[in-house]
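Student: Need a 3D model of the sequence below.
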Amino acid sequence: MGCIKEVVKSFVPAFVRSWIRKQHARLKRPPPLGWRLFGSLRYIHPIRRGFGYGHGQCIDRYYIEDFLTQHTNSIHGRVLEIGDNAYTCRFGGERVSKSDVLFTTEDNPQATIIADLTRADNVPSDIFDCIILTQTLQFIYDMRAAIRTLYRILKPGGVLLATFPGISQISRYDMEHWGDYWRFTSLSASMLFTEVFPGRCVAVQTYGNVLTAIAFMHGLVSKELNQRELDYNDPDYEVLVTVRAVKSKN
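Tutor: Below you'll find the predicted structure:
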């Protein structure tokens, strides 16, 4: 290495070497105010609306599936999912003895239970080993009532696997049909669920960073980022908030 430096000194003028050192030092620092290069992100309109549906795996779904992969062993026995049972089948497999789908109206052919989680008196207590609740609670205005119902219908020792948006655009379809009310942080999720579930039985995890937050808001999909970019976690940019909550056995 020393020989290389001597050769460089012999052939590269001092003022050029000085300029190179300054440029290298400058690149290590963030650019000064006003020098930001936004490139193709410098738009007042998103690159795509609708979270990127139809263009590949949405970024929040990449995180949701990572969360469910971590907790596949909790998906067993009688399992309830909202809207359809795709995740029940994919992550539960043969461990699932009975799969139920809850929906609020009768126009969903996959639904086995018609109920509103805020007042689901027709659903018996203590019947589910696992409930998969992905990206649902933000559409329920009285979310505290829904959480109480989820706790009631779980068996003692049963597990709730829930996900919520942190940094996210509005879901226009849901806003116009039944409402899009809430966005969450790890702290708000923890406080909400420990109002009902024992604190020791609630585990909160977040996903995201500033890059995936920007990409998600623009409707980019997971294949447009690399795995390192997707998997880096910055707790100040919570794109997705997840909760694993267990009903107490006594």
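
Student: which residues of this structure fall in helices?
Tutor: Secondary structure of the chain by DSSP state H: the helices cover 2-11, 14-28, 59-70, 86-92, 143-153, 172-177, 186-194, 210-217, 227-231.

Student: Determine which of those helices approaches residue 161 most closely.
Tutor: helix 59-70 (6.5 Å; CB to CB). Where C-beta positions appear, they are placed from N, C-alpha and C, glycine not excepted.

Student: buried stuff in the closest one?
Tutor: Buried residues in helix 59-70, counting neighbours by 16 or more other CB atoms under 10 Å, are found at 59-65, 67-68.

Student: How confident is the prediction for residue 9, by pLDDT?
Tutor: Residue 9 is assigned 60 on the pLDDT scale.

Student: which residues touch the nearest residue to residue 57 once chain neighbours are set aside?
Tutor: Once flanking residues are discounted, residue 57 sits nearest to residue 222: 4.5 Å by CB to CB, 6 or more residues apart in numbering. Counting by CB atoms under 8 Å, 6 or more residues apart in numbering, residue 222 makes contact with 56-59, 61-62, 230.

Student: Show me which of those residues is closest to residue 101.
Tutor: Within these, the smallest distance to residue 101 is 18.5 Å, found for residue 61 (CB to CB).

Student: First-to-last residue distance for stretch 225-240?
Tutor: Criterion CA to CA, to the nearest Å; first-to-last residue distance in stretch 225-240 is 17 Å.

Student: Please apply the same query to stretch 102-117.
Tutor: 9 Å.

Student: next one: stretch 51-69
Tutor: 22 Å.

Student: ok, now which ones touch residue 111?
Tutor: Taking CB under 8 Å, 6+ apart as the test, what residue 111 contacts is 101-103.

Student: Please determine how far it is located from residue 85.
Tutor: 10 Å (CB to CB, to the nearest Å).

Student: Next, show the common contact partners of those two.
Tutor: Counting by CB under 8 Å, 6+ apart, the contacts common to residue 111 and residue 85 are residue 101.

Student: how about the CA coordinates for stretch 89-99, as CSV?
Tutor: Output in CSV follows, covering the C-alpha atoms of stretch 89-99 (Å, rounded to 0.1, in the frame of the first residue of the first chain):
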residue,chain,number,x,y,z
CYS,A,89,-53.8,-21.7,4.4
ARG,A,90,-50.4,-20.4,3.5
PHE,A,91,-48.9,-20.1,7.0
GLY,A,92,-51.0,-22.6,8.9
GLY,A,93,-51.1,-25.5,6.5
GLU,A,94,-51.9,-28.9,8.1
ARG,A,95,-51.7,-27.4,11.6
VAL,A,96,-55.1,-25.8,11.0
SER,A,97,-58.0,-28.1,11.9
LYS,A,98,-60.8,-25.5,11.0
SER,A,99,-60.5,-22.3,9.1
